[in-house]
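**Q** Below is the sequence, then the predicted model.
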Amino acid sequence: MSEQPHIIRKKTGNFLEDFRPGQLFRHKGGKTISEGLFTTFTDFSMATNALCKNARYANAHGYEGLVCPPGLVMLVAFSQTVEDISENARANLEYIDMRFGAPVYVGDTLEVETKVLGLRPSASRPDLGIVHVQSTARKAVGSSDEVIVMTWQRKVQVYKDDVDIEVEGFQIEADEVACELGLPAYQPETDYKALSHLSSADSYFEDLQPDSLIEHSRGRTVTDEHIHLTGILDNTSQVHCNQFMIDLDPDRYVGGELIVFGGIPFVLCLGLSGPDVADNSLGDVVYRTGRHTAPLQAGDTVFAATEILDKRDYPGRPDLGLVEVRLLGHKFVADAGAEHPDAPAGWKKVRIFELERTLAVKRRSHYA
Amino acid sequence: MSEQPHIIRKKTGNFLEDFRPGQLFRHKGGKTISEGLFTTFTDFSMATNALCKNARYANAHGYEGLVCPPGLVMLVAFSQTVEDISENARANLEYIDMRFGAPVYVGDTLEVETKVLGLRPSASRPDLGIVHVQSTARKAVGSSDEVIVMTWQRKVQVYKDDVDIEVEGFQIEADEVACELGLPAYQPETDYKALSHLSSADSYFEDLQPDSLIEHSRGRTVTDEHIHLTGILDNTSQVHCNQFMIDLDPDRYVGGELIVFGGIPFVLCLGLSGPDVADNSLGDVVYRTGRHTAPLQAGDTVFAATEILDKRDYPGRPDLGLVEVRLLGHKFVADAGAEHPDAPAGWKKVRIFELERTLAVKRRSHYA
Amino acid sequence: MSEQPHIIRKKTGNFLEDFRPGQLFRHKGGKTISEGLFTTFTDFSMATNALCKNARYANAHGYEGLVCPPGLVMLVAFSQTVEDISENARANLEYIDMRFGAPVYVGDTLEVETKVLGLRPSASRPDLGIVHVQSTARKAVGSSDEVIVMTWQRKVQVYKDDVDIEVEGFQIEADEVACELGLPAYQPETDYKALSHLSSADSYFEDLQPDSLIEHSRGRTVTDEHIHLTGILDNTSQVHCNQFMIDLDPDRYVGGELIVFGGIPFVLCLGLSGPDVADNSLGDVVYRTGRHTAPLQAGDTVFAATEILDKRDYPGRPDLGLVEVRLLGHKFVADAGAEHPDAPAGWKKVRIFELERTLAVKRRSHYA
């Protein structure tokens, strides 16, 4: 080594000025879903659907084995896009038209690509702008084929690297991506009733009533486990794992603390809602729109509620129905001395998450 | 969504007044034991028996692969019963006649059912009573058969939902459940000696002497990892994971903190005792009785000791012997200025766990 | 149980006076690498090489499946030696000639043995001395064969059990251990280019320039997760997991806190360096020497840098080249009011780790 080595500091991720209309990122890595990742996240999320708990149950329903719940598929696929799209983001603004395709099993390898659809510089903040992208995740089938497991758009607020660079806005059309929930056929000869004690008895299609709001009973306190959880997803965003970076400029970050990756409350809210609305679901069809409305930090306890908005037949599947809901997440923050109508004295209820969600739910008439 | 949705808050779990004599719960979910769960818990517990560490060793002993240690089988099976039996419990009082059956491997799916044997309202506390249940865990074998892997009774103190409801006590007989430790045959042609360096040299049947007390040398500090660990077992009890619930009424909970699920010190004590008493065991036959004698919280360090009570031949298995022990768990709590005979100055030793345990231990004469 | 049982406190691990020249330890346990352990550590370490992320990519390169990264092999193999060699150590002083052999996959079982090469009592501290050992890890192949996956020497500072025992120094020759990096053949018919988007575009052999220093961009804060991580490796050293032991004599331990197992910053530094220097590596050939230069504790954030020292052809493999680097780890500690040239104001940069490392790196000419 010579006295004065050439020092290299590579740029990590892209900044606002790097995005171009129609630009395509084929993300690095890819990820094979191991039994370790499956258990860590599925069970962490408090998911209760026996399709992701009980291989005997999943096989009887026509699946090849334990089924990755939608939250896990989403976390793995989404995290693949972080380095290229949002490593230098301030906040994820919106999930749009997030649809699920083929079922994902342990051992499947997901690879993801993302197309840049739009960019809008901020009118008020010269260092920021919004990037609009469309991502699609595929899994390999056999040695040469592949199938889509998920597609979605998102809008994310990204920093500039050089504040003085002028950035031009643009917007192009999203691609049409064929991605429909893959469902095993209903098998009239299968004795589904013999399995019905393994799922909740009151969350069939017949039970879910529009214009009701279900306050899910459980809560889950998030600890600094979130650092590890986010890391094992290969999500490289530093605001979730680099406390020193935050210590250098604490005012820039909420409370001077690491921020919990949005995927964590996302899957926790899905999980907390499970026993009441998703225990008899064969999958989530689409999340039309979703967003994080307040940050989460280690020590917060996450709660969830579900508004049942609508329900209707599932075309071609008399054994199923489609249920439209709004999934809501919240936490309570101390507010000494105050009285709020929807919180215990001294506490304020803060909405942290909302997601428009369509589920494919089994009918009691066919399964129990 | 209309302006005023119908709000639903489902009751989670059962309360004292819900239990009936002979009532049978077939618990929801079931659980397939993944390699993720296996590693997380087996290795967390500090278990050292090579049957759960080294597939080559397990196969040579006639098992199909890595063997789930008794603590893991117990945690998975027990947790399946929490929602129906003890989600609304104050404390688990006693484990009774906990017996192990067929070996459990990664990939096995456990399903559990519980019968209600007894109920006794508290004489002094109108809001509480004791529920006595008998649970049995089975695993599927092939597509249509099943085998018992564990059976046990327990007594648990459960809250009433409505304090004013009068509850009548009852007690019925336990079922006879055939559940004997499944052991591979001793193979005289196997060169067991060639594997003997993989287990401890001084914990064979010949080494374990009645009327001795082994103070196991290691300790393990439990962190708030317990929240995650308990969650991935599908144990839904809120006192282990919902800090907000505790913040609302801290006086009701020890130290105003989350309480560590009893299964955590249970398996840690088993693990800490491993090198000295269980490294050459082929399994635990029965836990005649066991109880938690003080709560554990994040930050506490768990220690263990084993009293060797008795030993005798294993009928029909000259290669093995039965060893009766009492496994004891303890922690130290600061007690400034005090002197206690069995603790360093300024500390008090607190018993947290005790378990009467019968092990099936290899004889040196046949294995080393 | 009689009134006064015979109390047994076994000695755990060896002390300075127990080591003899040429003494061979065949370590207990062994360890089968599960998908749980693989994911927990590989993903924790922030490793990015697609060989350990993407089974499709690994298979296309001629491997049998996801490849355990060198850091994971090292952690598993090293931890097997802790009980016999360093359970009673004060500090690990040096890694020497650490070489990798056959690739390790999920499901492989590692067993390790260690030979004692040297001992040197401390001139200044009568309670301490240095032990020099050589360890080799093998995995079983089929039912009766085995292959070397790793070999290394290390020097470790070990306490005496009895300070008054006089200990004689000694030094013998290391064994010659044949251990060369196992590499699948280059297959000219494979379309490697079609996979090249899955690894970083600027870390091929052609890109790595001697006399450069790459400051890797990311950092990772280590939490008390280190207790769990170290435990699941079967590393039994109490300074990593027994807070009560430290509370009894806090002055003996840095900051009165648990010390993070050196293997944690070791693999984190490897992982943090991944995108810049190891994304196109087929493996690490040798770590000529390495050492921990300052302790790490929960709350510290780990950073890494790599000096490129030299590069040369890989004999017999025109598709690869050998790159010699020095991997450096550091953290920042608060130093209020001070100004240091290589740290932000108020902080001091502390070197925690250094490792001389030779990588086998793909050439762009053959792969992209």
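**A** Ah, there it is.

**Q** CA only for contacts and neighbour counts going forward, please
**A** OK.

**Q** Get me the contact residues on the stretch 101-250 of chain A for chain B.
**A** A:197-200, A:210-221, A:223, A:225 (Cα under 8 Å from any Cα of the partner chain).

**Q** Buried ones among those residues?
**A** Neighbour counting with 16 or more other Cα atoms under 10 Å in any protein chain shown marks A:198-200, A:210-221, A:223, A:225 as buried within those.

**Q** Give me the subset of the residues you listed lying in strands.
**A** Among these, the members found in strands (DSSP state E) are A:212, A:213, A:214, A:215, A:220, A:221.

**Q** dump the residue contacts of the first one.
**A** Taking Cα atoms under 8 Å, 6 or more residues apart in numbering or on different chains as the definition of contact, the neighbours of residue A:212 are A:307, A:308, A:309, B:5, B:6, B:7, B:8.

**Q** Go again with 10 Å.
**A** A:306-310, A:325, B:1-2, B:4-8 (Cα atoms under 10 Å, 6 or more residues apart in numbering or on different chains).

**Q** just curious, which of those residues is nearest to residue C:255?
**A** Nearest to residue C:255 among these, counting by Cα to Cα, is residue A:306 at 47.6 Å.

**Q** element containing the closest one, please.
**A** According to DSSP states H and E, residue A:306 maps onto strand A:301-313.

**Q** circling back to that earlier point, who wins for most neighbours among the contacts of residue A:212?
**A** residue A:306 (27 neighbours; other Cα atoms under 10 Å in any protein chain shown).

**Q** List the contacts of the closest residue to chain B within the stretch 101-250 of chain A.
**A** Using Cα to the nearest Cα, the closest approach of the stretch 101-250 of chain A to chain B is made by residue A:198 at 4.0 Å. Applying Cα under 10 Å, 6+ apart to residue A:198 gives the contacts A:48-51, A:54, A:57, A:279-280, B:26-30, B:111.

**Q** Likewise for residue A:256?
**A** Applying Cα under 10 Å, 6+ apart, the residues near residue A:256 are A:243, A:245, A:246, A:247, A:248, A:249, A:250.

**Q** hmm, 8 Å instead?
**A** A:246, A:247, A:249, A:250.

**Q** Using TSV, lay out the contacts of residue A:212 together with distance to residue A:294 and pLDDT.
**A** As requested, the contacts of residue A:212 are exported to TSV (distance: Cα to Cα, whole Å; pLDDT from 0 to 100):
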residue	distance to residue A:294	pLDDT
A:306	18	98
A:307	19	98
A:308	23	98
A:309	23	98
A:310	27	98
A:325	21	98
B:1	23	43
B:2	25	47
B:4	25	73
B:5	24	80
B:6	26	89
B:7	24	88
B:8	25	89
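
**Q** Throw these into JSON lines and include distance to residue C:87, thanks.
**A** Shown next, in JSON lines, are those (distance: Cα to Cα, whole Å):
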{"residue": "A:306", "distance to residue C:87": "52"}
{"residue": "A:307", "distance to residue C:87": "56"}
{"residue": "A:308", "distance to residue C:87": "58"}
{"residue": "A:309", "distance to residue C:87": "61"}
{"residue": "A:310", "distance to residue C:87": "62"}
{"residue": "A:325", "distance to residue C:87": "56"}
{"residue": "B:1", "distance to residue C:87": "63"}
{"residue": "B:2", "distance to residue C:87": "66"}
{"residue": "B:4", "distance to residue C:87": "65"}
{"residue": "B:5", "distance to residue C:87": "62"}
{"residue": "B:6", "distance to residue C:87": "62"}
{"residue": "B:7", "distance to residue C:87": "58"}
{"residue": "B:8", "distance to residue C:87": "56"}
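
**Q** between those residues, which is nearest chain C?
**A** residue A:306 (32.8 Å).

**Q** The closest one is in contact with residue A:273, isn't it?
**A** Yes: applying Cα atoms under 8 Å, one finds residue A:306 in contact with residue A:273, separated by 7.0 Å.

**Q** Name the residues contacting each of the two.
**A** Counting by Cα under 8 Å, 6+ apart, the residues touching both residue A:306 and residue A:273 are A:216, A:327.

**Q** picking up where we left off before, list the helices and strands the strand holding residue A:306 packs on?
**A** With contacts defined as 3 or more Cα pairs under 8 Å, 6 or more residues apart in numbering or on different chains; DSSP states H and E, strand A:301-313 has these neighbours: strand A:212-215, strand A:220-221, helix A:263-272, strand A:320-334.

**Q** Nearest to chain C, out of the contacts of residue A:198: which one, please.
**A** When the contacts of residue A:198 are compared for distance to chain C (Cα to the nearest Cα), residue A:54 wins out at 17.9 Å.

**Q** correct me, but that closest one touches residue B:34?
**A** No: between residue A:54 and residue B:34 there is no contact under Cα under 8 Å: 10.3 Å.

**Q** just so I have it, where are all the helices in the stretch 101-250 of chain A?
**A** A:225-232, A:243-248 (DSSP state H, counting those that start in this stretch).

**Q** Of the contacts of residue A:198, which belong to strands?
**A** Using DSSP E, those in strands are B:26, B:111.

**Q** Farthest pair within the contacts of residue A:198?
**A** Of all pairs drawn from these, the one with the longest distance (Cα to Cα) is A:280 and B:111, at 17.9 Å.

**Q** of the two, who's got more company?
**A** A count of neighbours by other Cα under 10 Å puts residue A:280 above the other of residue A:280 and residue B:111, at 30 against 27.

**Q** The more buried one is in contact with residue A:206, isn't it?
**A** No: Residue A:280 is beyond contact range of residue A:206, at 11.0 Å (criterion: Cα under 8 Å).

**Q** can you list the residues of the stretch 51-200 of chain A near chain C?
**A** A:109, A:140.

**Q** in the stretch 1-150 of chain A, which spans are strands?
**A** Secondary structure of the stretch 1-150 of chain A (DSSP state E, counting those that start in this stretch): strands at A:6-8, A:24-26, A:31-32, A:89-100, A:109-121, A:128-141, A:145-159.

**Q** which of these is buried the deepest?
**A** Comparing the strands of the stretch 1-150 of chain A on average neighbours per residue, with mean count of other Cα atoms under 10 Å in any protein chain shown, the densest one is strand A:31-32 at a mean of 26.

**Q** what pairs with that strand, and is each one parallel or antiparallel?
**A** As defined by DSSP bridges, the strand partners of strand A:31-32 come to strand A:109-121 (antiparallel).

**Q** Identify the residues contacting the residue of the stretch 1-150 of chain A found nearest chain B.
**A** Proximity of the stretch 1-150 of chain A to chain B (Cα to the nearest Cα) peaks at residue A:36, 3.8 Å away. For residue A:36, the contact set (Cα under 8 Å, 6+ apart) comprises B:34, B:35, B:36, B:37, C:35, C:36, C:37, C:38, C:39, C:40.

**Q** right, and the fifth one touches residue B:35 too?
**A** Yes: proximity of residue C:35 to residue B:35 meets the contact threshold set by Cα under 8 Å, at 5.7 Å.

**Q** Find the residues that touch each one of these two.
**A** With Cα under 8 Å, 6+ apart, residue C:35 and residue B:35 have common neighbours A:35, A:36.

**Q** which ones are touching the residue in the stretch 101-250 of chain A positioned nearest to chain C?
**A** Using Cα to the nearest Cα, the point where the stretch 101-250 of chain A gets nearest to chain C is residue A:232, with a distance of 4.4 Å. Residue A:232 is in contact with A:37, C:39, C:40, C:42, C:43, C:44, C:46, counting by Cα under 8 Å, 6+ apart.

**Q** buried subset of these?
**A** A:37, C:39, C:40, C:42, C:43, C:44, C:46.

**Q** JSON lines please, covering those and showing pLDDT.
**A** Output for the buried ones among the contacts of residue A:232, formatted as JSON lines (pLDDT from 0 to 100):
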{"residue": "A:37", "pLDDT": "94"}
{"residue": "C:39", "pLDDT": "91"}
{"residue": "C:40", "pLDDT": "89"}
{"residue": "C:42", "pLDDT": "90"}
{"residue": "C:43", "pLDDT": "87"}
{"residue": "C:44", "pLDDT": "88"}
{"residue": "C:46", "pLDDT": "92"}
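
**Q** This completes my enquiry, with thanks.
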